[in-house]
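>>> Structure for this input, please:
(one chain, ligands or ions: 1)
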Amino acid sequence: MTATDQALRDLDTLEAEGITAFTSAGQPDALEAVRVEFLGMKQGRVKLAQEQLKSLDPAAKRVFGQRFNAVKTALEAAFEQAKLASSRPTQVVEGLDVTLPGRRSKLGHRHPLTQTADELIDIFGRLGFTVVRGPEVEDVHHNFDALNIPPTHPARDPADNFYITDRMMLRSQTSPVQIRVMENQPPPVRVIAIGRVYRPDAVDATHSFMFHQIEGLMVDTNVTMADLKSVLRLFARSYLGKDVKIRFRPSFFPFTEPSVEVDMLWHGGDRWVEMGGAGMVDPNVFKAVGYDPEKVTGFAFGLGIERLCMRRHGISDIRLLYQNDTRFLAQF
Ligand code: FA5
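Just a heads-up that it's a prediction; the model follows:
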């Protein structure tokens, strides 16, 4: 390697080390020390490199001189830039202390009613029920007629329902989904339907004008009332705990015969609250959907989801579920 080559290499090293030193200097004191080391007038490394020029022959001088000037300019620029950066304050915004720890943003989660619905789907899924859906804006035929509820029945009173037209309404129960399923598939059937229902009920601790129901329907050969009771007991124990007490009361629904109402012992243990209605599918309903009541039997049930959720979590008032108060919702 010639002396010129060596001198050019030294210039490369000088440039690389100088730029690194300027960029990492940081504080003004350190930067000044780096400036003296590289750009100092007397003993600076740039000055010393310039001294080398003198000993080179004219041809080498031209090559070395050009490169030397470039290195010197680069280092001066690096110094100016570092000086600017070091004089910039690190905490510029008034009233903002950037050294304080950050504020954690709150993570949302599923509403307790959605959690309840998901758990019910899970429990009934293990019992072999699949999920189906039906419309919330329903026709009177599916909400009443096909369910064996005659035109004169008090349940159809306009004061007790949200009619949209003579033929259409907001469904008052999830039972019309039973009809829609049976119209579209032959037996056997084992389904649940979850969704909103609407009734102009007076609002109190256990009643709302919009609430959710879970409907269950099982149709096969030889389905009995004993199957209905076991499924509902199994479900109640799974969702509300092994020591939950439920009772069946004889009742009447036009679309089941016999019919029962199912109560659960409320939290606190001092009163029974109705959880839902159930029964054996009435032969007239089977006829309306084209099933042969001589060949199949089935049970159906419809439970109030809000009340199940309230019993499970010890919630005393249904309105709490609809107020969207995050202090309440954050507990679930
Ligand atoms: C029915 O709606 C029947 N369709 C249930 C049924 C299905 C019977 C299949 C037989 C076969 P009922 O009106 O009782 O039944 O309502 C069922 C449940 O919904 C009640 O037990 C209660 O838990 C809940 N529920 C009724 N009204 C309200 C309300 N206004 N607010 C909150 N929950 C209610």
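>>> Which parts of the stretch 101-250 of the chain are helices?
112-126, 140-143, 176-184, 225-240 (DSSP state H, counting those that start in this stretch).
>>> out of the ones you listed, which comes closest to the ligand?
The ligand sits nearest to helix 176-184 of all the helices of the stretch 101-250 of the chain, at 7.1 Å, using Cβ to the nearest ligand atom. Quick note: C-beta positions are derived from backbone N, CA and C, even for glycine.
>>> Against which helices or strands is the closest one packed?
Counting contacts by 3 or more Cβ pairs under 8 Å, 6 or more residues apart in numbering; DSSP states H and E, helix 176-184 packs against strand 130-132, helix 140-143, strand 189-198, strand 210-220, helix 283-289.
>>> per-residue confidence averaged over it?
The average of the pLDDT scores along helix 176-184 is 98.
>>> quick one, it and strand 189-198 angle?
Interaxial angle, helix 176-184 versus strand 189-198 (axes from the mean of the first three to the mean of the last three Cα atoms, to 10 degrees): 140 degrees.
>>> could we number from 9 for the rest of this?
Fine by me, first position is 9 from now on; the one you just mentioned is helix 184-192.
>>> what would the helices and strands packed on helix 184-192 look like in a markdown table with distance to the ligand?
Converted to a markdown table, the helices and strands packed on helix 184-192 look like this (distance: least, Cβ to the nearest ligand atom, whole Å):
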| stretch | distance to the ligand |
| --- | --- |
| strand 138-140 | 14 |
| helix 148-151 | 10 |
| strand 197-206 | 7 |
| strand 218-228 | 4 |
| helix 291-297 | 10 |
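>>> Go through these and pick out the most buried.
Counting by mean count of other Cβ atoms under 10 Å, strand 218-228 has the highest mean neighbour count of those, with a mean of 22.
>>> Strand partners (parallel or antiparallel) of it?
Here strand 218-228 is paired, per DSSP bridges, with strand 197-206 (antiparallel), strand 305-312 (antiparallel).
>>> will you turn those strands into JSON lines that also has mean pLDDT and distance to residue 224?
Shown next, in JSON lines, are the strands paired with strand 218-228 (pLDDT from 0 to 100; distance: least, Cβ to Cβ, whole Å):
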{"stretch": "strand 197-206", "mean pLDDT": "98", "distance to residue 224": "5"}
{"stretch": "strand 305-312", "mean pLDDT": "98", "distance to residue 224": "5"}
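>>> any chance of those in JSON lines, plus distance to residue 44?
Listed next are these as JSON lines, based on distance: least, Cβ to Cβ, whole Å:
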{"stretch": "strand 197-206", "distance to residue 44": "78"}
{"stretch": "strand 305-312", "distance to residue 44": "83"}
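>>> domains of the protein?
Per the record, the chain has its domains at 11-95, 120-337, by automatic domain parsing.
>>> Can you report how many residues neighbour the closest residue to the ligand within the chain?
Among all residues of the chain, residue 312 sits closest to the ligand, at 2.3 Å; criterion: Cβ to the nearest ligand atom. Residue 312 sits with 22 neighbouring residues when counted by other Cβ atoms under 10 Å.
>>> got it, and the one 4 residues further on?
Other residues within reach of residue 316 by the criterion other Cβ under 10 Å amount to 24.
>>> what's the angle between the helix or strand containing it and strand 218-228?
In this assignment (DSSP states H and E), residue 316 forms part of helix 313-321. Relative orientation of helix 313-321 and strand 218-228, computed by the same axes, to 10 degrees: 100 degrees.
>>> Who are the packing partners of helix 313-321?
Helix 313-321 packs on helix 120-134, strand 218-228, helix 233-248, strand 280-289, going by 3+ Cβ pairs under 8 Å, 6+ apart.
>>> Next, see if the first one gets close to the ligand.
No - using Cβ under 6 Å from any ligand atom as the criterion, no contacts between helix 120-134 and the ligand are found, and the smallest distance is 11.4 Å.
>>> chain center to that helix, what's the gap?
How far helix 120-134 lies from its chain's middle: 15 Å, per Cα atoms, centre = their mean, to the nearest Å.
>>> So what does residue 216 have for phi and psi?
phi -130, psi 160 (degrees, to the nearest 10).
>>> That one touches residue 314, doesn't it?
Yes - counting by Cβ atoms under 8 Å, residue 314 is a contact partner of residue 216 at 6.7 Å.
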